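> Show me how the following folds:
(chains A, B and C)
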Amino acid sequence: MNYWNRRIASAILVLALVLVLNFLLFRLMPGDPVASIIDPRFSPEAKEQLRRMYGLDQSLPVQFLMYVKSTLSFDFGISFLTGRPVMDELRSRVPNTVFLLGTSLLLSSFLGTWLGMKAALRRGSILEKCVLWIGALSFSFPSFFVQLVLLMFFASMLPVFPLRGTLSVPPPSGGAALLFDYLRHMALPVLSLVLLGFGGWAIYVRNLMVKILGEDFILLARARGLPKKNILRRHAFRTMLPPLLTIFLLALPGIVSGAVITETVFSLHGVGRFLLEAVTGHDYPAAGAAFFLLALLTVACNLLSDLLYGVTDPRVRLERGNR
Amino acid sequence: MRDIFLRWSFWCLLLLIGTAIFGNRLFDAPPEREVAAPFSKPLWLDRTLPPTKEIRLSPESPSLLLDWHYAPPSRLSIRVEPSAGETGRFVLWRKPETEVPLRLAPLRGGFEADGRDIAFKRSLGLPPFGDAAASLFSEQGGYELSVSGEGPWDGDVVLKLEGGRWGLLGTDQRGRDIASLFIAGVQVSLIVGIFATLLATFLGTSLGLAAGYLGGWTDSVIMRIVDLLLSIPLLPVLMALAALWGKGLWQLVLILSIFSWMGTARTIRALTLTLRDASYIEGLRGLGAPSKYILRRHLLPETLPVLLATMTLGVPGAILSEAGLSFLGLSDPRVISWGRMLHEAHSFGAFTAGAWWMLLPPGFGIALLCLVFLDLGKFLEEKVDPRLRKGVRQ
Amino acid sequence: MIEIYTPQGYRKDEKEMKRALFLALIAVVFWMLPGGAEAAPGKFDPESYSAPKIEDLYLVIIRDPDAQILALQRGQVHILGDLHRPVDVDALALDPKVNLSLASGFHGFFLGFNVRTFPWNRVELRQAAWQSLPRERIVRDLFAGYAEPLSTFLPPVSPYYQPDVTAYPFNPDAARKRLADAGWTWSEDNVLVSPEGERIPPQRLLSPTASVAPTTAELAARAADALTAIGIPVSSEPMDFATMISRLNERNFQMYVLAWQMTRDPDSLYAFYSSKMDIPGGYNIPGISDPELDVVLDRLRFAPDAMSALAAASEAQKKLAELAPVAPIYSRYSISAVSREWKGTLVTDRVTADNTWSLLAMEPAIGPMRPLYLVQGEEPRALNPFTSSSAYDWQVLGLIYDSLIAVHPYTLETIPWLAKSWSIETRHDDSGPHTILTFHLREGARWQDGKPLTADDAAFTYEYLRKNGVPRYFDNVDNIDRIETPNDLTLVVTMKNVSFWHLHRVGGIPILPRHIVEKVDDWRSWLPASVKHPENSSMTQLVGTGPFIFREYRAGEYVHLKGNKDFWLGRRR
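Numbers count the residues shown, from 1 in each chain, chains lettered A, B, ... in the order given. Got it, this is the predicted structure:
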């Protein structure tokens, strides 16, 4: 079978397994939302009604089929906790999370890459030492700590940034003012994520660049007398691109975890917080939906990164041919 | 390898391990014991706060003058010994520059009250908010504690005043010594970091070697498992498992290692694949050496340098994951970790109380530990890959 | 005063007695609470209120308590309804720009025993356990004093509270003595041995985990320690809340801790302690089964009038204090904070500052009218009056919808709301006695979209709930036999049996507009806040008769309501 077909087949297999795992994970979790209702105004008959309403009185295989059907059609059912369709809940939250993570990933990767490259080019200099140190610091501090300190500083001591949420109450009218308000609210969260994220990038890029600059083909290019900038841009950077892109794509699903903490600390209306509440609140439809989407995202990113690697790295193409 | 002794991180790590093992001998109480008032400040922070003291009234000394030149105490409690019985008399409190004393408490055996009791505050005519101590010691000057009425009486009256200062780092919302908790936290972070990574490395190495060397079916299955586990987002599963499985330090270590062996496995597999076809390995196979022997005596030692470096660099990841989980409140509350300390500080209002001494130490502690391991890992990496060594100019 | 309406059906002397009792209780409470409310109960007049003065009301969603406090201190929000953390209370107590107030509530936290098996089938052991719990110290240490140590089965603010019951103040020595007198002995390792020689096996106390409820988990640990000290080997077992509830439902437990939110009606005692409720899904978790208690609880549940309800409630509390099926521990206070920039807040010891009366009367202390910002700790969810059960939803829905009766903020008596008067009769026919509730609606009340409110809307609401078996209102409408509307302003509800509580059950249902609800396809998935009103495009389907009109819900940020200038309370003239 073709390499690509095999990769896609395995991706589909993984998704199927995730579906089953998802279903089992939450059904195995003890208790159902109706059982947790402790309210003397809810008689036993009333609870039975509620159970029927959520389809919890059906047998497990039937529930599984209902689950598969709704997941694949992106229906996801109705949240146990809020009573609203899960898609609605996600729809209002996804833009915020995407903005938060997208902006911070882009900014931290650019900043990190730029710093890493500069550091690799000036081996042994103070700049390199600084970059390595700052990079290590940025990686080592726990995210919530940095965010709490930033909050304390900017929110209470210098009230420049707002403390919570994505918009003022009431939000200003007019496109430009609204956008500015939104940016002002998101500035601190994004800043914190960038501060925490650029370090890992800088160190990785520096190490990668150092390795590449030590490669023979670079030595050959310099021996041929090519200008330094040229070498950098056309040879070194191009070589770095595949692993960088791969890391970028693979980092994407990973930082959703970062979103959980950031959204908690800054009280942002996002998917991360939603996931946390769904899991701890036994909200099967919502948690299942969030899990599935995350797995989908991860599988898609893995597939995409493999694709990119295959396209940009000739060695892989050759290897494919050999198989 | 001897230049490891020149690295600051090596000595720092030794110090931290030493603290983890012997640290709690510095304190007489276990970390969970309540030692002082909640949110007490460190001793060196606020000198206007009073020291903790106990004032006793007895039949022999039925009244006492107090020259108060501090800020009000943070907590106050009053107790009448049981032997006093029912006397119908009162314990009186006179503030400076006032004539008429306040009836603080009835002189009745077994009576007990605390400045936080709303009933006590109401009996003094105070609003129900805040500690009664602040109103009772509202100014600096001469106070008098005495007993009303004439004649002898039995038992003792004890007025305990707590200053609100304690120890090197103060106390948390339960009155536990933060310095003691901090040291307990070193243990947990080190244990989680090191053991989770060890386990993950062990798993990754064995599975990577097996996949790379044996190939075929074994390779496919293992790689599919790797793919599957990589597709499952870590934090949500950790949250779900933490909720489902209950908490506990070793459960956490196990879960963290199950989700972090994949990278190592891939690297080891790649390495094995290249080594497998080396001529000397071919030779060994030709001589009839069993796979196990080859794996153990030859391939494994080749991977060790890389492993050591990866492992050391993996420890910060485990520590940060544990901290993140604890911060979200998903860890075992009986296990004192730095992440847990930050979670409690955040949810119990250290921010609002201005108790920065609760927030900064654990955060810096985690960062320090991660930096130590990162530096050691970098050192080991440079040993393995000479190109990364600094000072090698082009 | 109460003379403006005369609810018939109460005998005059009962009314006097009840009023005297309430006023006495209020007087006692007020003497003890300095700086209490702004208006004494005698001066509170529901009819003196009018349409809300506020024009814009924003319920700002701030989850993080630190952020809430900061927002209040900075003047970005004006009311904080419920402060949870002692740290916050202490911080705001020092702030001169903020007024704090304390309200007792109907919250009750209990330690329960499995009365069905050894050792908890021994009443003296339960009583001794109760006596060994250091309630005051727990309140002091865990809540910094901001809770009320509870020693009774109904909270002291309940109109049916009976103070004259057997008490078990904290006294471990007396607990030991009680057991010794009953023939218990202690083994060498300080474990109790029953008079028959049976040693108490190690007991597990189920509680929620610390991540979900940190103070509860700590409380359970302390309770376990206290009981172990007198010889009952207890260890606390924190577990996932849903698991815990399953275990309780399966009756697979020995001890547990649980909090209840009770109501002003004591008929919850029936749900908790009648042996008939020891069924799957029922709330008699301890499994107490005492024939005399059952008789009294039946009388309470089906009490025909106020007098017998009061008598039955008193007797029930006395009996429960003897039987000790659970040990009460504390009742939470609700502390609210209001910015001093606003005046007109109604503060009592029974309701928090963000009650409807406050919102009707509040206005800035100086300066022109501004929007009022109120903090809400969590998102409201579906805003569906049929399915919403969270307090955050009802914070919003309660301002939009009205019911026929309301509750006096001081005395907790029933006062007229949409119904200006009502009568309760008991009629006998072949199938037995029935309660008949007749409500007289106000004239001129209108829905927020302009249509007039009629008795037909109420009848439609009750029928709809009954026909569709809506779980939340199941018990409210279950006993309705039939509903009649002789004219536009009169509603006659015939119940299937007799009970004093029918008035509250039926009268407390929010009235929904027929002209909107009858067009709804599926009440389960109805999201009225997201659907435009069929005729008036500036409104949504979330239309009631209440003092505030829904404008907008921006998820994660705020809910915006506008004052209803046409509110019926301002139109009686």
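
> Please compute how far the top strand by length along chain C lies from its chain's middle.
Counting by DSSP state E, the longest strand found in chain C is strand C:326-339. Relative to its chain's centre, strand C:326-339 lies at 12 Å (C-alpha atoms, centre = their mean, to the nearest Å).

> ok, residues contacting the next helix or strand after that strand?
Next helix or strand after strand C:326-339 toward the C-terminus (DSSP states H and E): strand C:342-343. Residues from elsewhere that reach strand C:342-343 (C-beta atoms under 8 Å, 6 or more residues apart in numbering or on different chains): C:78, C:79, C:362, C:363, C:364, C:365, C:372. Heads up, the C-betas are built off the backbone N, CA and C, glycines and all.

> Give the partner strands of strand C:342-343 in its sheet and their orientations.
According to DSSP bridges, strand C:342-343 forms sheet pairs with strand C:363-364 (antiparallel).

> what is the mean pLDDT for the strand it pairs with?
In this model, strand C:363-364 has a mean pLDDT of 94.

> quick one: contacts of that strand?
Strand C:363-364 is contacted by residues C:53, C:54, C:341, C:342, C:343, C:344, C:369, C:370 when judged by C-beta under 8 Å, 6+ apart.

> That strand: how far from the chain's middle?
29 Å.

> Would you mind confirming that residue B:300 makes contact with residue B:209?
Yes: with contacts counted by C-beta atoms under 8 Å, residue B:300 reaches residue B:209, the gap being 7.1 Å.

> still on that earlier bit, any idea which of the contacts of strand C:342-343 is closest to chain B?
Of all those, chain B sits closest to residue C:79, with 16.6 Å by C-beta to the nearest C-beta.

> per-residue pLDDT, the residue lying farthest from the centre of chain C?
Most distant from the centre of chain C: residue C:188, at 46.7 Å, with distances by C-alpha atoms, centre = their mean. pLDDT recorded at residue C:188 is 90.

> From residue C:252, how far off is it?
Going from residue C:188 to residue C:252 by C-beta to C-beta, to the nearest Å gives 31 Å.

> follow-up on the earlier one: for PyMOL, what selects the buried ones among the contacts of strand C:342-343?
Remark: buried members of those, expressed as a PyMOL selection using 16 or more other C-beta atoms under 10 Å in any protein chain shown:
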select buried, chain C and resi 78+79+362+363+364+372
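
> from the contacts of strand C:342-343, which ones fall inside strands?
C:79, C:363, C:364, C:372.

> near chain A at all, stretch C:405-423?
No: shown here: stretch C:405-423 not in contact with chain A (C-beta under 8 Å from any C-beta of the partner chain), separated by at least 15.5 Å.

> thinking again about what came up before, of residue B:300 and residue B:209, who's got more company?
Neighbour count, other C-beta atoms under 10 Å in any protein chain shown: between residue B:300 and residue B:209, residue B:209 has more, with 22 against 16.

> what sits against the more buried one?
With contact taken as C-beta under 8 Å, 6+ apart, residue B:209 is in contact with B:268, B:269, B:272, B:295, B:299, B:300, B:303.

> what about the strands in chain A?
Under DSSP E, chain A gives no strands.

> biggest helix in it, by residue count?
For chain A, the longest helix by residue count, based on DSSP state H, is helix A:175-213.

> how about it: buried residues?
By neighbour count with 16+ other C-beta under 10 Å, helix A:175-213 contains the buried residues A:181-182, A:185-186, A:188-210, A:212-213.

> got it, and stretch C:536-553?
Across stretch C:536-553, burial judged by 16+ other C-beta under 10 Å covers C:539-551, C:553.

> Same check on stretch C:456-471?
By 16+ other C-beta under 10 Å, the buried positions in stretch C:456-471 come out as C:457, C:458, C:459, C:460, C:461, C:462, C:464, C:465, C:466, C:469, C:470, C:471.

> which ones among those are found in helices?
C:457, C:458, C:459, C:460, C:461, C:462, C:464, C:465, C:466.

> how about the residues of the stretch 1-150 of chain A that lie near chain B?
Within the stretch 1-150 of chain A, the positions adjacent to chain B are A:10-11, A:13-15, A:17-18, A:21, A:25-26, A:28-30, A:123-124, A:128, A:132, A:136-137, A:139-145, A:148-149 by C-beta under 8 Å from any C-beta.
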